[in-house]
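With the input below, show me the fold.
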Amino acid sequence: MRKNLIRSSVLFFILLTVFSVSSSAQYLLNSDTAFKAGSANSGRIWGYAFGDAYYKAHSDSFNRGNGNQYSGIPKNRNAFAFRRIYLGYDYNISKTFSAELLLAAEDNFPAGNPPSSAAASGDQLLNNKLAFYIKLANLRWKNIFKGTDLVVGQLSTPTFALLSDKMWNYRAVERTITDIRRTPSYDFGAALQGTFDPKTKNFGYNVMMGNGSSAKPEADSYKWFYGDVYGFFLDKKLVVDLYADYERLAWTPTWHHARQMSKIYVAYNSAATTKGIDPGNGFTIGAEYFVNNLKNDWFATKAAGGVDTISANASGLSLFVHGDIIPKKLRFFVRYDIYNPFNKIDNTTYTKYVGNTGNYNDNSYVGSTGNGDVTYKQQFFTTGLDFMPAKNVHFIPNIWYNHYATQLSNSYGKATGDNDLVFRLTFHYVFGK
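Residues are numbered from 1 along each chain as shown. Down below sits the predicted model:
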């Protein structure tokens, strides 16, 4: 195991060296003109929040989709709820070094999700009150190589937070499709971020090695390797991003368990200029597709008796469009996702499948926790309006819909297709930027 870890680490740092031939790197996750990047002994406090008044009009009979915040919530439930609160501080130590700190309270699953659970969950304390945790805390060494920044600590991963999430522009409505599957948006580790062309900054990269446990302490010796390359075309109006990651989950002479995701992202923003993208204005259309190879991840129960171990692919496609109705006052958005957690269904040979990788084996809670159909396909749809009475203030009436359909011939006596349907008035505000 030690030799494998050494080889992996050596390979990673070779890749870092190879990719370090770039120019001015991306700076902070939330950098903008209100913060003078590079001015020594300067800092800013910033933050944002979003939440909803929601009404659940329909509830899936299986209580499926444990990756979303509405699974297990009964029909006709209504509530006011925050889904994210950020409080950040960015500080320039010198022209060369800067620090980033971000506290977050988010992802709060209410009691009763999953069904029969009455315990606090998500970011709730034992007294059921919402609490902050440390999401980002990192040090950036700017231009450690020409145009390349080294970032160490707890930082944003290249998966979606640095590009595709920004182009989607409506995190207040829903996560990106890879974020829903909970590929880490942040992790503890080290990264190089940069561009290949100093003058135009049209082509760049991000490579990172992290624990793979986000804000939680590392519980094994396996590291998560992330990397992407991206390019801007047509005066930065068109962006193409190629991403891949890899993590071993268990590795012994008799048991190899791992995951490896590949992703392509393409988007067009009409308001972009040679200075950069502007997805909050104009017209934006995008597509994101991923395949996650889950090695030796599924246990399949044979009708004739016995259990087989199967490697399979989970895949998803997300399509979206948003644009101006009244510039800087009213916008629209539409998004449609399809997701398949398992591509090797064989109803003639197997009667049941159990997956091992979290958030790629959503539990339907049929019978008892851990049983039931975990292979069901999902179709997600959302649409709404974005009303902006002032800069950085948004009121967003929207529809949130997720459909589930089993792939098994034995559907446990339940409907093979059902859905969760939620009507929401979302509010979103930003300060300090």
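
Run through the strands of the stretch 301-433 of the chain in chain order.
Along the stretch 301-433 of the chain, counting by DSSP state E, counting those that start in this stretch, strands occupy 307-326, 330-340, 350-355, 377-390, 393-405, 417-431.

now the stretch 1-150 of the chain
In the stretch 1-150 of the chain, the segments counted as strands under DSSP E, counting those that start in this stretch are 42-58, 78-92, 97-106, 133-145, 148-156.

Adding mean neighbour count and mean pLDDT, write the ones you listed out as TSV.
Bear in mind the C-beta positions are built from the backbone N, C-alpha and C, glycine included. Output for the strands of the stretch 1-150 of the chain, formatted as TSV (neighbours: other CB atoms under 10 Å; pLDDT from 0 to 100):
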stretch	mean neighbour count	mean pLDDT
strand 42-58	18	96
strand 78-92	17	94
strand 97-106	20	95
strand 133-145	18	95
strand 148-156	21	96
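
Show me the one of those strands that comes nearest Phe333.
strand 42-58 (14.2 Å; CB to CB).

neighbouring strands for that closest one, and are they parallel or not?
strand 78-92 (antiparallel), strand 417-431 (antiparallel) (DSSP bridges).

Please convert those strands to TSV, extending it with distance to Asn402.
Output for these, formatted as TSV (distance: least, CB to CB, whole Å):
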stretch	distance to Asn402
strand 78-92	16
strand 417-431	5
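
coming back round to it: mind putting the strands of the stretch 1-150 of the chain into TSV with distance to Ala191?
Shown next, in TSV, are those (distance: least, CB to CB, whole Å):
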stretch	distance to Ala191
strand 42-58	22
strand 78-92	17
strand 97-106	12
strand 133-145	9
strand 148-156	5
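
center of this structure, which residue is that?
Centroid-nearest residue in the chain: Asp179, 1.9 Å away (criterion: CA atoms, centre = their mean).

Would you confirm that that one belongs to a strand?
No. Counting by DSSP: H, G, I helix; E, B strand; the rest coil, Asp179 is not found in a strand; it is helix.

On the pLDDT front, check the residue lying closest to it once chain neighbours are set aside for me.
Leaving aside its sequence neighbours, Asp179 sits nearest to Phe160 (CB to CB, 6 or more residues apart in numbering; 5.6 Å). You'll see Phe160 listed with a pLDDT of 93.

Verify the contact between Phe160 and Ile180 for me.
No. The pair Phe160 / Ile180 is not scored as a contact, 10.2 Å apart, by CB atoms under 8 Å.

Name the residue in those two with the higher neighbour count.
Using other CB atoms under 10 Å, the more surrounded residue of Phe160 and Ile180 is Phe160, with 28 against 20.

so is that one in a helix, a strand, or just coil?
Looking at Phe160 with three-state DSSP, the answer is coil.

show me what contacts it?
When contacts are counted by CB atoms under 8 Å, 6 or more residues apart in numbering, Phe160 touches Thr176, Thr178, Asp179, Thr183, Ser185.
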